[in-house]
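Asks: sequence isn't available, so here's the structure alone:
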């Protein structure tokens with residue numbers, strides 16, 4: 001049986017209250033009973049003493065003379081702690097008796113103190129009537145009244161005595177005084193007090209046990225409910241069990257269980273709503289940041305974190321975060337905003353929209369939505385550059401065609417030279433047709449990349465490339481060397497052929513006579529890598545990142561002279577990516593360039 005013995009626990013409070021009540025009741029009863037018992041016992045002793053002195057007085061009064069009375073006094077038997085003194089009307093001692101000691105004194109029944117010695121001296125000094133009886137008391141006795149008193153010597157030096165006095169003779173001619181020590185009575189009273197104390201202590205011990213058991217009966221359900229409430233506070237809404245009482249505590253446990261079930265349902269609903277909102281906020285591509293009125297972050301979704309985390313070091317991420325937060329805190333001073341911020345060393349542009357919000361506690365907060373518009377701005381720039389490039393590519397041949405035709409129309413060109421100029425016009429028209437065709441292919445590859453793919457025998461595919469380009473290589477004086485392919489690859493044959501036609505023609509275009517072009521095949525477990533290597537002039541390092549951009553040409557004058565439009569490598573990259581592949585370029589100025597096409601099997 002476990003008890004909570006903490007000073008402020010209900011168990012200890014109940015125990016203290018019950019014990020204090022019992023102590024108060026027992027203490028009050030003990031004091032009252034002791035006082036009543038003491039008064040009763042003293043009064044009973046005095047009554048007994050009064051009856052005894054009255055009987056002795058009556059007995060002595062029946063004697064005919066004092067000689068007989070003194071003899072009768074000697075015959076009287078008193079208890080060992082009782083003393084008797086007979087005095088006359090003038091308070092002079094006639095006779096005294098203590099236990100079995102008795103004496104009478106003097107001539108004419110008078111006595112002086114000088115005649116008293118030994119045992120008699122002690123008796124007289126212990127019960128000398130004038131020390132205990134006042135003149136009023138003596139007068140009342142002589143008037144025929146029996147009195148009983150608890151008296152203290154007037155000199156305050158002797159012990160208290162229980163006194164009973166009765167008149168002797170009729171009319172009264174003397175007084176019989178009996179005295180006894182209150183010590184035996186007091187001893188009985190003290191014994192009663194000790195018994196009362198022991199009973200009280202036993203009652204306190206019993207009350208302690210009973211109160212602790214009672215307190216446990218009360219506090220055990222409370223402890224169970226406290227534990228259940230603590231579990232509810234921690235999110236565990238299991239019902240409270242073990243409370244079997246059908247009183248108010250049982251009803252309280254039922255109410256707590258009902259409240260727990262209601263809280264569980266409410267928390268489930270809140271969790272679902274929260275998860276729904278978090279799912280929406282986390283699912284959007286824009287960054288969302290919620291701030292309190294002081295500009296401290298309350299919530300950020302993953303896209304927002306990604307904006308400042310980036311791929312740099314932790315220190316760089318912290319700097320980017322501080323830059324962004326400084327901008328947001330400055331924006332808090334205004335109203336709703338919609339601004340752009342150049343971020344991350346001006347390589348990133350964010351569209352920031354901020355609005356105020358009101359929390360449930362009445363405090364104001366802010367919600368900022370950040371959208372990375374870098375890609376859209378880049379796409380817009382590429383679109384403008386593309387339109388400018390297309391316009392430029394179309395303008396040049398159109399101007400040439402227009403100029404040649406106007407010259408022929410105006411007769412500026414002689415008839416024998418017209419054929420040559422018509423050939424030039426036709427050549428420019430072919431260039432325009434090729435440009436339009438490549439633009440159409442580029443648009444088609446961007447919008448539709450689901451090519452029909454089949455297994456291609458690599459040996460046959462490489463052999464076909466050899467048939468196509470060996471004659472052209474011989475014409476240019478270039479050594480074409482190709483690895484023997486083996487196995488199969490899953491791809492679209494026509495588009496794959498277009499890739500290598502473009503790359504090999506590009507290699508021929510930049511390889512001088514007497515040099516070599518290599519077609520190498522590297523077979524791995526999951527991929528096949530095709531390397532197209534030339535020994536041309538190479539590509540400058542600053543041009544490598546832009547080599548696959550549309551209309552980008554390293555040597556614009558040479559490319560235009562040789563018919564290049566700057567779209568071939570863009571088309572190649574789109575075809576390779578449509579096959580879930582990857583294309584890389586490595587080049588060293590003066591030594592040559594290598595294009596690596598990596599395709600999954």
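Replies: Alright, I've got the coordinates. Here the structure is a predicted model, which means the values were calculated and not measured. Numbering: from 1, shown residues only.

Asks: check residue 594 and give its pLDDT.
Replies: Note on residue 594: pLDDT of 96.

Asks: residues touching it, list them.
Replies: By C-beta atoms under 8 Å, 6 or more residues apart in numbering, residue 594 lies in contact with 531-534, 585-587. Backbone N, C-alpha and C define where each C-beta goes, glycine included.

Asks: next, format these as CSV and append secondary structure, neighbour count and pLDDT.
Replies: Shown next, in CSV, are the contacts of residue 594 (DSSP: H, G, I helix; E, B strand; the rest coil; neighbours: other C-beta atoms under 10 Å; pLDDT from 0 to 100):
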residue, secondary structure, neighbour count, pLDDT
531, strand, 18, 95
532, strand, 21, 96
533, strand, 19, 96
534, strand, 26, 95
585, strand, 16, 95
586, strand, 14, 94
587, strand, 21, 93
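
Asks: for the helix or strand encompassing residue 323, enumerate the helices and strands it packs against.
Replies: Secondary structure assigned from DSSP states H and E places residue 323 in helix 314-331. Packing partners of helix 314-331 (3 or more C-beta pairs under 8 Å, 6 or more residues apart in numbering; DSSP states H and E): strand 287-291, helix 302-309, strand 337-343, strand 348-358, strand 364-372.

Asks: next secondary structure element downstream of the last one?
Replies: Same thing as strand 364-372. Next along from strand 364-372, by DSSP H and E: helix 374-409.

Asks: pull the distance from that next one to the chain's centre.
Replies: Between the centre of helix 374-409 and the centre of its chain there are 66 Å (C-alpha atoms, centre = their mean, to the nearest Å).

Asks: any chance of the contacts of residue 594 in a markdown table, plus distance to residue 269?
Replies: Formatted as a markdown table, the contacts of residue 594 follow (distance: C-beta to C-beta, whole Å):
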| residue | distance to residue 269 |
| --- | --- |
| 531 | 62 |
| 532 | 63 |
| 533 | 66 |
| 534 | 68 |
| 585 | 58 |
| 586 | 60 |
| 587 | 63 |
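
Asks: out of these, which is nearest to residue 423?
Replies: Closest to residue 423 out of the contacts of residue 594 is residue 534 (30.8 Å), distances taken as C-beta to C-beta.

Asks: just give me the neighbour total for the nearest residue to that closest one once chain neighbours are set aside.
Replies: Spatial nearest neighbour of residue 534, excluding adjacent residues (C-beta to C-beta, 6 or more residues apart in numbering): residue 507 at 3.9 Å. Other residues near residue 507 number 27, with proximity taken as other C-beta atoms under 10 Å.

Asks: what residues does the strand or helix carrying residue 507 touch?
Replies: Using DSSP H and E, residue 507 falls within helix 493-510. For helix 493-510, contacts defined as C-beta under 8 Å, 6+ apart pick out 451, 454, 456, 461, 464-465, 468-469, 472-473, 476, 478, 489, 517, 519, 530, 532-534, 536-537, 562, 564, 568-569, 571-572, 575-576, 578-579, 593, 595, 597, 599.

Asks: could you list everything residue 348 pairs with in the sheet?
Replies: Beta-bridge partners for residue 348, by DSSP bridges, are residue 343.

Asks: give me the number of residues near it?
Replies: Residue 348 has 16 neighbours, counted by other C-beta under 10 Å.

Asks: I'd say it and residue 377 touch.
Replies: No: using C-beta atoms under 8 Å, residue 348 is not in contact with residue 377; the gap is 10.0 Å.

Asks: tell me the SS of the closest residue to residue 63 other than its chain neighbours?
Replies: Among residues not flanking residue 63 along the chain, residue 69 sits closest, at 4.4 Å (C-beta to C-beta, 6+ apart). Under the three-state scheme (DSSP: H, G, I helix; E, B strand; the rest coil), residue 69 adopts helix.

Asks: list the contacts for residue 69?
Replies: By C-beta under 8 Å, 6+ apart, the contact set of residue 69 is 60, 63, 86, 95, 168.

Asks: just the residues you listed now: which is nearest residue 281?
Replies: Nearest to residue 281 among the contacts of residue 69, counting by C-beta to C-beta, is residue 86 at 118.1 Å.

Asks: could you give the average pLDDT over the one helix or strand that closest one maps to?
Replies: When elements are assigned from DSSP H and E, residue 86 belongs to strand 82-88. For strand 82-88, mean pLDDT is 88.

Asks: so which residue is smack in the middle of the protein?
Replies: For the chain, the residue nearest the mean C-alpha position is residue 234 (8.3 Å; C-alpha atoms, centre = their mean).

Asks: now the strands for the stretch 401-550 of the chain?
Replies: Taking DSSP state E, counting those that start in this stretch, the strands of the stretch 401-550 of the chain run over residues 454-457, 479-482, 488-491, 516-523, 527-534.

Asks: among the contacts of residue 69, name the ones in strands.
Replies: With DSSP state E as the criterion, strands contain 86, 95, 168 from among these.

Asks: could I get those residues as a markdown table with neighbour count and distance to residue 396?
Replies: Listed next are the ones in strands among the contacts of residue 69 as a markdown table, based on neighbours: other C-beta atoms under 10 Å; distance: C-beta to C-beta, whole Å:
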| residue | neighbour count | distance to residue 396 |
| --- | --- | --- |
| 86 | 24 | 168 |
| 95 | 23 | 170 |
| 168 | 25 | 170 |
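
Asks: okay, those residues in a markdown table with distance to residue 219 next?
Replies: Formatted as a markdown table, these follow (distance: C-beta to C-beta, whole Å):
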| residue | distance to residue 219 |
| --- | --- |
| 86 | 73 |
| 95 | 75 |
| 168 | 74 |
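
Asks: tell me the domain ranges of this structure?
Replies: 30-187, 237-282, 284-371, 377-447, 454-600 (automatic domain parsing).

Asks: make JSON lines from the ones you listed and add distance to residue 221 to it.
Replies: JSON lines is the format used below for these (distance: least, C-beta to C-beta, whole Å):
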{"stretch": "domain 30-187", "distance to residue 221": "36"}
{"stretch": "domain 237-282", "distance to residue 221": "4"}
{"stretch": "domain 284-371", "distance to residue 221": "36"}
{"stretch": "domain 377-447", "distance to residue 221": "69"}
{"stretch": "domain 454-600", "distance to residue 221": "69"}
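
Asks: which one, of those, ends up nearest to residue 230?
Replies: Ranking these by proximity to residue 230 (C-beta to C-beta) places domain 237-282 first, at 10.9 Å.

Asks: mean confidence score for that closest one?
Replies: Taken as a whole, domain 237-282 has an average pLDDT of 79.

Asks: about what we covered before: which of the strands of the stretch 401-550 of the chain sits closest to residue 226?
Replies: Short answer: strand 527-534, nearest of the strands of the stretch 401-550 of the chain by C-beta to C-beta, at 66.4 Å.

Asks: what angle sits between the closest one and strand 516-523?
Replies: Orientation of strand 527-534 against strand 516-523 (axes from the mean of the first three to the mean of the last three C-alpha atoms, to 10 degrees) gives an angle of 170 degrees.
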